[in-house]
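K.L.:
turn this into a structure:
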Amino acid sequence: MHKGFWIVLVACAVCSVLVSCVLGPWDIGLHEVVRAVGGALGLMDATTLPDAVRAVVVDLRLARAVLALGVGAALAMAGVTFQAVLQNPLADPFTLGVSAGAALGATLVLGLGVRLGDVAALAGMDSALATLSLTALPVAALLGGLATLAAVLLLGRRAGGLSRETLVLAGVVVSSVLAACITLVKAVHEEAVGAMVFWIMGSLQGRGWGHVALFLPFFTVGCLVMVRYARELDLLALGEEQALLLGVDAPRVRLVLLVGATMVTAAAVAVSGIIGFVGLVAPHAFRLWLKPRSRALLAASALGGGVLLVWSDVLARTLLATETGGMELPVGVVTALLGGPFFCVLLGRGQTRRAA
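P.N.:
Okay, the predicted model is just below:
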């Protein structure tokens with residue numbers, strides 16, 4: 001792919017983050033945003049900026065934009081991996097029920113009252129306990145996602161092997177059971193239903209650098225796994241028999257890739273809730289230009305998915321801000337509204353190809 005293509009993608013990502021830092025209830029100009037961000041990176045002097053401006057830009061808006069970029073990249077890369085491993089163009093990061101498992105872990109934590117450091121702050125806990133409280137929800141979501149993958153693999157193996165069809169069916173079964181468990185948790189912990197529902201719908205409201213720090217290690221490990229096995233991912237997309245003939249240990253590679261994709265998905269869900277369609281839209285948006293090169297598709301989808309989620313978050317923050325006095329839409333609602341029509345077009349194209 002031409003070098004200019006990647007320059008444009010990176011420039012779009014950087015510009016999207018800067019624009020996201022500009023927009024908000026407090027009017028801050030682009031020049032001030034650039035100075036604040038440059039000062040935080042040590043690239044320019046920002047000491048003359050008011051402390052309040054630097055705090056709003058760096059601690060609130062920049063952290064949220066960076067997290068949106070990372071979560072979008074994670075979901076897009078996971079989408080590429082699931083589509084290749086399952087050989088299903090309509091697969092996304094949530095096909096095997098990972099989101100339901102992560103959601104169950106998070107709702108259990110919310111039901112027990114462990115709220116991302118809120119309990120620690122109210123109870124006057126020391127910094128170590130506050131850090132533990134901050135970690136509880138995303139760790140529970142991550143463990144829930146990984147446990148779901150283990151359950152799907154175990155069920156699929158007992159049902160006759162880890163074929164694509166068996167994995168998808170096992171994912172549907174496990175997702176249904178987990179959805180029932182989430183409903184049960186809501187019924188038992190009625191006082192936390194509002195927090196659970198808002199979290200499940202997906203939102204980046206109130207997220208900061210602490211969430212970025214929790215998300216980044218799992219995201220990094222999962223990304224390294226997917227990039228390391230990008231060549232094998234290309235061969236798996238041709239079919240398991242072809243991959244075996246070309247020397248790929250298909251069962252082992254499939255398992256490793258599913259674990260890597262699940263790790264980034266669960267980490268994304270842990271810090272942002274369930275945000276759909278990013279893992280479906282971004283891979284297909286670049287597949288026409290980059291197929292069948294998974295390494296390039298992973299990189300392009302990561303940048304495209306990040307940009308998509310940054311702008312979805314901007315819309316979520318601004319669409320109803322004037323009428324509701326600052327109320328935000330869940331970003332998962334915005335991505336669904338944007339991705340739904342794309343999904344319908346994709347289905348229509350599939351029907352046309354089968355008819356031809």
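K.L.:
how far off centre is the host helix or strand of L298?
P.N.:
In this assignment (DSSP states H and E), L298 forms part of helix 294-318. Taking the mean of its C-alpha atoms, helix 294-318 sits 10 Å from the chain's own mean (CA atoms, centre = their mean, to the nearest Å).
K.L.:
run a quick neighbour tally on C344.
P.N.:
10 (other CB atoms under 10 Å). Where C-beta positions appear, they are placed from N, C-alpha and C, glycine not excepted.
K.L.:
on the three-state scheme, P89 is what?
P.N.:
The three-state label given to P89 by DSSP: H, G, I helix; E, B strand; the rest coil is coil.
K.L.:
give me the number of residues near it?
P.N.:
The burial count assigned to P89 is 14, neighbours taken as other CB under 10 Å.
K.L.:
how near is the closest residue to it other than its chain neighbours to L96?
P.N.:
Excluding the flanking residues, the one nearest P89 by CB to CB, 6 or more residues apart in numbering is Q83, at 5.8 Å. From Q83 over to L96 the distance is 12 Å, taken as CB to CB, to the nearest Å.
K.L.:
who has more neighbours, these two?
P.N.:
Between Q83 and L96, counted using other CB under 10 Å, the more crowded position is L96 (31 against 25).
K.L.:
burial check on the residue nearest to that one when sequence neighbours are not counted, number of neighbours?
P.N.:
Spatial nearest neighbour of L96, excluding adjacent residues (CB to CB, 6+ apart): G171 at 3.8 Å. Residues lying near G171 (other CB under 10 Å) number 24.
K.L.:
test my guess that G171 contacts P93.
P.N.:
No: with contact defined as CB atoms under 8 Å, G171 does not reach P93; the gap is 11.4 Å.
K.L.:
coming back round to it: so which bits of the strand or helix carrying the residue nearest to L96 are buried?
P.N.:
For G171, the element it lies in under DSSP H and E is helix 164-188. Buried residues in helix 164-188, counted by 16 or more other CB atoms under 10 Å: 164, 166-168, 170-171, 174-175, 178, 181-182, 185-186.
K.L.:
hang on, isn't G39 packed against A55?
P.N.:
No: with contacts counted by CB under 8 Å, G39 stays clear of A55, the gap being 11.9 Å.
K.L.:
more neighbours, these two?
P.N.:
A direct count of neighbours by other CB under 10 Å for G39 and A55 places G39 higher, at 18 against 13.
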